[in-house]
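Participant: attaching a predicted model along with its sequence, questions to come.
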Amino acid sequence: MIIDFLSFPIQSDSEDSIKNMNFNILNNYIDENLQNNNKISFSLLCIENDDIFFDKNFKFLASDSVNKFGFVVLINPSNPKTSQIIEIINKFDSIKGIAFHPYMHDITNSDIAKIEYIISNIKSNAFVGVFTAYGSKKIYQINPLIIANEIVKMSKFRNIIFYHAGGSKILDAFLIAEMWANVYLETSFSLSYWKNSSIENDFNFVINSLGSHRVIFGSDHPFIEINKALKDHDVFFEKYKIDKKMQEDIYFNNAKKILNL
């Protein structure tokens with residue numbers, strides 16, 4: 001069994017597609033991609049945009065989605081409707097967590113107070129994710145791991161997910177996770193993107209040093225197509241002799257625990 005901890009319910013791999021997401025796009029994606037997908041037992045869909053949260057149909061979908069898929073809400077700390085979005089997050093069990101994307105939303109240390117307000121007001125069983133890949137045109141203006149580290153310090157009793165496991169900065173992400181038992185590294189995009197590089201070796205080191213119980217599979221679909229993500233992980237596991245128990249932790253057990261499935 002496999003849980004995909006990160007996929008975007010969009011058809012094209014662009015940030016604009018994420019920002020322009022609406023309920024019809026979400027609903028069509030679920031009908032076309034999830035209902036008959038036998039490879040993935042549960043998908044966590046990352047959603048953003050007020051057009052989804054405040055669509056009356058989303059309430060019905062969120063109430064009925066706990067078997068095959070759930071949601072993680074991507075929050076812009078500067079969104080003026082944050083309080084209303086928090087109310088929606090706290091209302092539905094299918095919304096499993098929230099996430100912050102420093103590059104997409106230009107998050108810096110000046111936004112830490114806003115982030116702390118959000119985290120302190122969401123339900124206690126929700127996880128907090130941070131997109132921690134290192135790159136983009138803002139590579140020297142925004143530092144995702146600095147934001148992630150601040151979030152860890154204010155969230156000692158929540159599960160914290162480092163989406164993309166820090167990318168090329170995976171060893172920095174590892175050093176943070178080593179100090180905080182509630183931090184998990186998630187593999188989406190990075191393990192595929194850095195295939196056959198020294199970063200791949202670092203992934204193997206981290207899995208064995210931190211432990212497979214602290215690593216989670218994600219695809220980042222459609223940025224990395226789900227079947228490619230699965231193949232890349234299987235090849236990686238075989239190459240580095242990651243045993244069956246460790247694979248089960250990464251593919252299923254850890255996510256099941258965090259999502260309370």
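Facilitator: Received it, and whenever you're ready, just let me know what you need.

Participant: am I right that F5 is in a strand?
Facilitator: Yes. Under DSSP: H, G, I helix; E, B strand; the rest coil, F5 sits within a strand.

Participant: if we ignore the residues flanking it in sequence, what's nearest it?
Facilitator: G218 (4.0 Å; Cβ to Cβ, 6 or more residues apart in numbering). Heads up, the C-betas are built off the backbone N, CA and C, glycines and all.

Participant: buried residues in the strand or helix carrying K59?
Facilitator: Assessed by DSSP states H and E, K59 sits inside helix 56-63. Neighbour-count burial for helix 56-63 flags F58, L61, A62 (criterion: 16 or more other Cβ atoms under 10 Å).

Participant: circling back: tell me the spacing between the residue nearest to F5 and Y29.
Facilitator: Going from G218 to Y29 by Cβ to Cβ, to the nearest Å gives 16 Å.

Participant: who has more neighbours out of the two?
Facilitator: G218 (28 against 21; other Cβ atoms under 10 Å).

Participant: hey, where'd the strands end up in the protein?
Facilitator: Assigned by DSSP state E, the chain shows strands spanning 3-7, 42-47, 69-74, 95-100, 127-131, 160-163, 183-186, 215-216.

Participant: pLDDT weak spots in this structure?
Facilitator: Applying pLDDT under 70 to the chain flags the ranges 35-36, 65-66.

Participant: just the CA trace of stretch 79-97, in PDB.
Facilitator: Provided in PDB are the C-alpha atoms of stretch 79-97 (Å, rounded to 0.1, in the frame of the first residue of the first chain):
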ATOM      1  CA  ASN A  79      -3.900  36.500   2.700                       C
ATOM      2  CA  PRO A  80      -6.400  38.800   4.300                       C
ATOM      3  CA  LYS A  81      -8.900  35.900   4.500                       C
ATOM      4  CA  THR A  82      -6.700  33.800   6.700                       C
ATOM      5  CA  SER A  83      -9.100  33.800   9.600                       C
ATOM      6  CA  GLN A  84     -11.900  32.400   7.500                       C
ATOM      7  CA  ILE A  85      -9.700  29.800   5.900                       C
ATOM      8  CA  ILE A  86      -8.600  28.700   9.400                       C
ATOM      9  CA  GLU A  87     -12.300  28.200  10.300                       C
ATOM     10  CA  ILE A  88     -12.700  25.900   7.300                       C
ATOM     11  CA  ILE A  89      -9.500  23.900   8.100                       C
ATOM     12  CA  ASN A  90     -10.700  23.300  11.600                       C
ATOM     13  CA  LYS A  91     -14.200  22.200  10.400                       C
ATOM     14  CA  PHE A  92     -13.300  19.200   8.200                       C
ATOM     15  CA  ASP A  93     -11.400  16.000   9.200                       C
ATOM     16  CA  SER A  94     -10.400  15.500   5.600                       C
ATOM     17  CA  ILE A  95      -8.100  18.600   5.900                       C
ATOM     18  CA  LYS A  96      -5.100  17.000   7.400                       C
ATOM     19  CA  GLY A  97      -2.700  19.900   7.600                       C
END
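
Participant: neighbours around H213, how many?
Facilitator: For H213, the neighbour count with other Cβ under 10 Å is 14.

Participant: hmm, I was thinking of E238
Facilitator: The number of residues packed near E238 is 10, by other Cβ under 10 Å.

Participant: dihedrals phi and psi, the residue nearest to F5?
Facilitator: For G218, the backbone dihedrals (degrees, to the nearest 10) come out as phi -150, psi 160.

Participant: so it touches L185, yeah?
Facilitator: No. Checked against Cβ atoms under 8 Å, the pair G218 and L185 is beyond contact range at 10.3 Å.

Participant: could you check how far the closest residue to N253 other than its chain neighbours is from K257?
Facilitator: Leaving aside its chain neighbours, N253 sits nearest to H213 (7.6 Å; criterion: Cβ to Cβ, 6+ apart). According to Cβ to Cβ, H213 and K257 sit 9 Å apart.

Participant: likewise Y240?
Facilitator: According to Cβ to Cβ, Y240 and K257 sit 24 Å apart.

Participant: and what of I40?
Facilitator: Distance of I40 to K257, given as Cβ to Cβ: 18 Å.
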